[in-house]
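Trainee: My questions are about this predicted structure, shown below with the sequence.
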Amino acid sequence: MTNYKISSLSFTFIFICIINAMLPGTLIPYMLVTAKTSVFISMLIGFLLGLLIIFLFFKIFDFLPEYSLFKKIDYVFPKFISKIIVSIILIFIFIFAVFVFWRYSTFISLEFLAETPNSLITLILILPVIYSTMYDIDTLARLSTFCVFVGAFLFFNNALSLFRQIDFSNLLPLLNNDFIHISKSSVMFSMLCVVPILSLLVIPKDKIVDKEKVKKSILIGYIINTICVSIIFLCIIGVLGIDVSTLFTFPSYEVLKTINMFSFLDNIENINILIWVLFMTLSLQYNLQTIKTGLYEIFNVKTKKKQYIIMGIIISLLISVIIYLIPYENYINKYKNIYAYSPFILLVLSVIIVSFVYICGKIKMKTKKSK
């Protein structure tokens with residue numbers, strides 16, 4: 001569990017995968033509805049807000065670099081309080097995993113397997129996730145590398161194919177919404193597309209072989225990812241138009257249906273959407289791996305038998321929740337965008353908790369030095 005080593009590049013690839021997991025079914029539809037063609041202004045503001053969160057991550061990452069987030073909490077607080085805080089964080093991670101898996105399952109259900117029972121869809125999708133929990137984070141790092149390279153190939157292929165269809169008049173006016181809606185969209189971008197980086201605090205800085213390159217690698221990855229997301233919005237609005245884009249639950253999938261690479265290839269979008277399937281799968285795997293790490297480090301669940309039993313219970317609970325939620329997809333989408341607001345609140349609370357841990361830790365360190 002603790003003997004792995006990863007590179008700064010693999011660390012950044014994990015970051016890219018987990019921040020894009022909420023993109024197709026949550027962030028993109030929300031920002032299109034809220035900001036409309038002002039989405040590019042919202043992204044610019046959200047990008048700057050995201051930098052603040054990343055710098056907060058760097059501060060906490062540098063604090064006690066030999067420890068994971070859970071070990072840092074255990075160092076800063078008494079045992080009883082640390083277990084309460086870690087329990088809250090693990091619950092938050094589980095709920096976040098529920099949202100990722102829910103959007104993932106509903107996408108597969110709505111677009112591909114409408115006649116298939118929800119329980120069967122969920123069980124099929126969870127199988128690779130269950131398998132991955134048997135390994136450590138270094139295995140997920142290698143998987144993330146594969147996902148990013150495949151995703152990059154598909155992304156550039158999609159972008160080049162769609163650019164020819166863009167009607168740039170669909171992007172105007174660039175400012176067609178009020179300040180409140182643009183602000184809401186900006187904050188949502190910074191939360192859903194950046195805050196998941198805090199889960200990487202579970203990986204101690206000292207576990208990265210070239211840790212001096214981490215900050216530069218993360219910043220470059222964040223900038224490139226933001227540019228790619230901007231291109232996605234450009235293609236969606238430019239090809240479909242803003243009014244049509246807001247009608248779809250998964251507009252990033254619908255725009256891919258317009259790609260016609262070869263006359264003998266039908267439904268090419270089903271290949272291209274693999275980029276999102278990979279990211280959502282790896283994000284879910286990482287969430288469960290994080291829960292497993294917390295159980296190992298703080299609650300002393302160190303034997304394989306106990307780990308398998310507890311993770312089996314958690315995965316069973318996850319499956320049950322998703323099977324229950326899938327039939328309510330249309331209702332939840334219509335009810336004030338709860339699919340976006342719920343993870344947003346969750347991530348805001350996560351920022352508050354992690355910041356609190358960091359501040360308390362710095363106070364404790366200064367107190368020790370003064371003595």
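Mentor: Great, that's in hand.
Trainee: which residues sit in contact with D62?
Mentor: K205 (CB atoms under 8 Å, 6 or more residues apart in numbering). In this view, the C-beta of every residue, glycine as well, is placed from N, C-alpha and C.
Trainee: what's the least confident helix or strand in this structure, going by average pLDDT?
Mentor: Of the helices and strands making up the chain, the lowest-confidence element is helix 329-334, at a mean of 51, by mean pLDDT, DSSP states H and E.
Trainee: C-terminal to it, which secondary structure element comes first?
Mentor: Sequence-wise, the next helix or strand beyond helix 329-334 is helix 338-370, with elements assigned using DSSP states H and E.
Trainee: Can you list the buried residues in that following helix?
Mentor: For helix 338-370, a neighbour-count test (16 or more other CB atoms under 10 Å) marks 339-340, 342-344, 346-347, 350-351, 353-354, 357-358, 360-361 as buried.
Trainee: pLDDT-wise, what's the bottom of those?
Mentor: Comparing pLDDT over these singles out Y339 as the least confident position, at 63.
Trainee: And the next helix or strand past the helix or strand containing F92?
Mentor: Here F92 sits within helix 79-111, counting by DSSP H and E. Next helix or strand after helix 79-111 toward the C-terminus (DSSP H and E): helix 118-132.
Trainee: list the buried ones in the helix holding F92?
Mentor: Judged by neighbour count using 16+ other CB under 10 Å, the buried positions of helix 79-111 are 82-83, 85-86, 89-90, 92-94, 96-110.
Trainee: go on, stretch 178-190?
Mentor: Buried residues in stretch 178-190, counting neighbours by 16+ other CB under 10 Å, are found at H181, I182, K184, S185, S186, V187, M188, F189, S190.
Trainee: thought the second one was touching T37?
Mentor: This points to I182. No - counting by CB atoms under 8 Å, I182 stays clear of T37, with 10.9 Å between them.
Trainee: ok so, going back, please flag which of the buried residues of stretch 178-190 sit within helices.
Mentor: In helices, judged by DSSP state H, the following of those are found: H181, I182, K184, S185, S186, V187, M188, F189, S190.
Trainee: tell me the pLDDT at the last one?
Mentor: On the pLDDT scale, S190 is placed at 87.
Trainee: if I read this right, it contacts G50, doesn't it?
Mentor: Yes - here S190 reaches G50: they are 4.5 Å apart, a contact under CB under 8 Å.
Trainee: Now the terminal residues of stretch 233-248, how far apart.
Mentor: Taking CA to CA, to the nearest Å, stretch 233-248 runs 14 Å from one end to the other.
Trainee: Once you drop chain neighbours, what's closest to I218?
Mentor: Nearest in space to I218, with sequence neighbours left out and distances taken as CB to CB, 6 or more residues apart in numbering, is T12 at 5.6 Å.
Trainee: Could you check how many residues crowd around that neighbour?
Mentor: Other residues within reach of T12 by the criterion other CB atoms under 10 Å amount to 25.
Trainee: hmm, back to that, between the buried residues of helix 338-370, which sits nearest S245?
Mentor: Set against S245, the nearest of the buried residues of helix 338-370 by CB to CB is A340 (15.7 Å).
Trainee: can you tell me which residues contact that closest one?
Mentor: Contacts of A340 were listed using CB under 8 Å, 6+ apart, and they are T26, L27, P29, Y30, M188, L192.
Trainee: Dump the residues you listed into CSV; add secondary structure and distance to N158 as well.
Mentor: Formatted as CSV, the entries for the contacts of A340 read as follows, by DSSP: H, G, I helix; E, B strand; the rest coil; distance: CB to CB, whole Å:
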residue, secondary structure, distance to N158
T26, helix, 20
L27, helix, 18
P29, helix, 18
Y30, helix, 21
M188, helix, 24
L192, helix, 21
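Trainee: quick revisit: who are the packing partners of the helix holding F92?
Mentor: Counting by 3 or more CB pairs under 8 Å, 6 or more residues apart in numbering; DSSP states H and E, the packing neighbours recorded for helix 79-111 are helix 69-76, helix 118-132, helix 274-297, helix 304-325, helix 329-334, helix 338-370.
Trainee: Which of those sits closest to I232?
Mentor: When the helices and strands packed on helix 79-111 are compared for distance to I232 using CB to CB, the nearest one is helix 274-297, at 10.3 Å.
Trainee: what's the angle from the closest one to helix 79-111?
Mentor: Per axes from the mean of the first three to the mean of the last three CA atoms, to 10 degrees, the angle that helix 274-297 makes with helix 79-111 is 160 degrees.
Trainee: what angle separates the helix holding F92 from helix 304-325?
Mentor: Our comparison of helix 79-111 with helix 304-325, counting by the same axes, to 10 degrees, yields an angle of 50 degrees.
Trainee: Now helix 79-111: average pLDDT?
Mentor: For helix 79-111, the per-residue pLDDT averages 83.
Trainee: related to what we said a few turns ago, tell me the one among the contacts of A340 nearest to S8.
Mentor: Distances from S8 to the contacts of A340, taken as CB to CB, are shortest for L192 (24.1 Å).
Trainee: count of residues packed around I242?
Mentor: Here the count is done by other CB under 10 Å, and I242 has 21 residues near it.
Trainee: wait, isn't it in contact with T37?
Mentor: Yes - with contacts defined as CB under 8 Å, I242 counts as touching T37 at a distance of 5.3 Å.
Trainee: Now do the shared contacts for these two.
Mentor: Going by CB under 8 Å, 6+ apart, residues that sit against I242 and also against T37 are N170.
Trainee: dump the residue contacts of the residue nearest to I218.
Mentor: The neighbours of T12, taking CB under 8 Å, 6+ apart as the test, are V214, S217, I218, I220, G221.
Trainee: can you tell me the helix or strand for the fourth one?
Mentor: I220 is part of helix 214-240 when elements are defined by DSSP H and E.
Trainee: Does anything pack onto that helix? Which helices or strands?
Mentor: When contacts are defined as 3+ CB pairs under 8 Å, 6+ apart, helix 214-240 packs onto helix 8-20, helix 28-35, helix 39-62, helix 137-163, helix 179-194, helix 251-256.
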